[in-house]
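**Q** Sequence isn't available, so here's the structure alone:
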């Protein structure tokens, strides 16, 4: 995509920005003129990815509220402000209603709901303190609308994040802080490759097999999602707020 400066002079924090969708968003935001910070749990990987992208790395485990909020503080200390936040860090470990343990449930809530909530809190506080507008995009999941039986705690957390997205957008609409979400579907990432092999006994042909089963002949692509996130972060998306947008090739409610 040819750069068009959609995020020129914006300071953007991408949680989970060292791999998958988050790394794609960070790369696209840099391309569009933003000053970008990324978070991740692994220091060596984070430093390498950040250097490659041209971003500022803050080692963070978003499951730890203090670390999550400290990542926003680090961005403000380094760049003077935060203009935009993308909550992309996520956990997809499997569990059904019957076999999910309290520990697994709590980990999903911590990473997929509590962390994003308190990152939003810290970012919005900075925006309000400066009397400045802002934009937040939460990477959610189409599974939040029901999901697969083996994703029960994930669905619980992501459904919560969808609700928080709408609630926070409503609460801060007159502050000109726009908050939206993307319900992404099955996406081609290195994390998904690891998940398929770890939890579903997949081999190296799983991606081709999966692509053959879906309507568009391919899984969701990171670069396409990233471009749309940049659009939502930018002024080009106008007054849109409180929207949780389906980014999937299956139609919710559609039946054959």
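**A** Sure thing, it's come through. Please read all numbers here as calculations on a predicted model, not as lab measurements.

**Q** So what's the gap between stretch 196-216 and the chain middle?
**A** Per CA atoms, centre = their mean, to the nearest Å, the displacement of stretch 196-216 from the mean C-alpha position of its chain is 23 Å.

**Q** Would you mind measuring the gap between the ends of that stretch?
**A** 20 Å (CA to CA, to the nearest Å).

**Q** what's in contact with the helix or strand of the chain with the lowest mean pLDDT?
**A** Per-element confidence for the chain was summarised using mean pLDDT, DSSP states H and E. The lowest value among helices and strands belongs to strand 187-188, with a mean of 80. For strand 187-188, the external contacting residues (CB atoms under 8 Å, 6 or more residues apart in numbering) are 20, 21, 207, 218, 219, 220, 221, 222, 225. All C-beta atoms are positioned from the backbone trio N, CA, C, and that covers glycine.

**Q** any idea whether the last one is helix, strand or coil?
**A** Looking back up the chat, that one is residue 225. Remark: residue 225 carries the secondary structure label helix [criterion: DSSP: H, G, I helix; E, B strand; the rest coil].

**Q** Near it, how many residues? Count them for me, please.
**A** The local packing count at residue 225 equals 23, with neighbours defined by other CB atoms under 10 Å.

**Q** Enumerate every residue touching it.
**A** For residue 225, counting by CB under 8 Å, 6+ apart, the contacting residues are 21, 24, 25, 182, 184, 187, 247.

**Q** The third one too?
**A** Neighbouring residues of residue 207 by CB under 8 Å, 6+ apart: 188, 193, 219.

**Q** try it again with 7 Å
**A** residue 188 (CB atoms under 7 Å, 6 or more residues apart in numbering).

**Q** Quick one: mean pLDDT over the helix or strand hosting it.
**A** Using DSSP states H and E, the secondary-structure element containing residue 207 is helix 206-213. Mean per-residue pLDDT for helix 206-213: 88.

**Q** and after it, which helix or strand comes next?
**A** With DSSP H and E, the next secondary element past helix 206-213 is strand 220-221.

**Q** What pairs with that following strand, parallel or antiparallel?
**A** Pairing partners of strand 220-221, with direction, according to DSSP bridges: strand 187-188 (parallel).

**Q** all strands for the stretch 151-256 of the chain, in order.
**A** Along the stretch 151-256 of the chain, the stretches classed as strands by DSSP state E, counting those that start in this stretch are 177-184, 187-188, 220-221, 244-247.

**Q** Just name whatever secondary elements the last one is in contact with.
**A** Just to be clear, that refers to strand 244-247. helix 152-171, strand 177-184 (3 or more CB pairs under 7 Å, 6 or more residues apart in numbering; DSSP states H and E).

**Q** ok, 10 Å please
**A** Based on contacts counted as 3 or more CB pairs under 10 Å, 6 or more residues apart in numbering; DSSP states H and E, the elements that strand 244-247 packs against are strand 134-139, helix 152-171, strand 177-184, helix 222-233.
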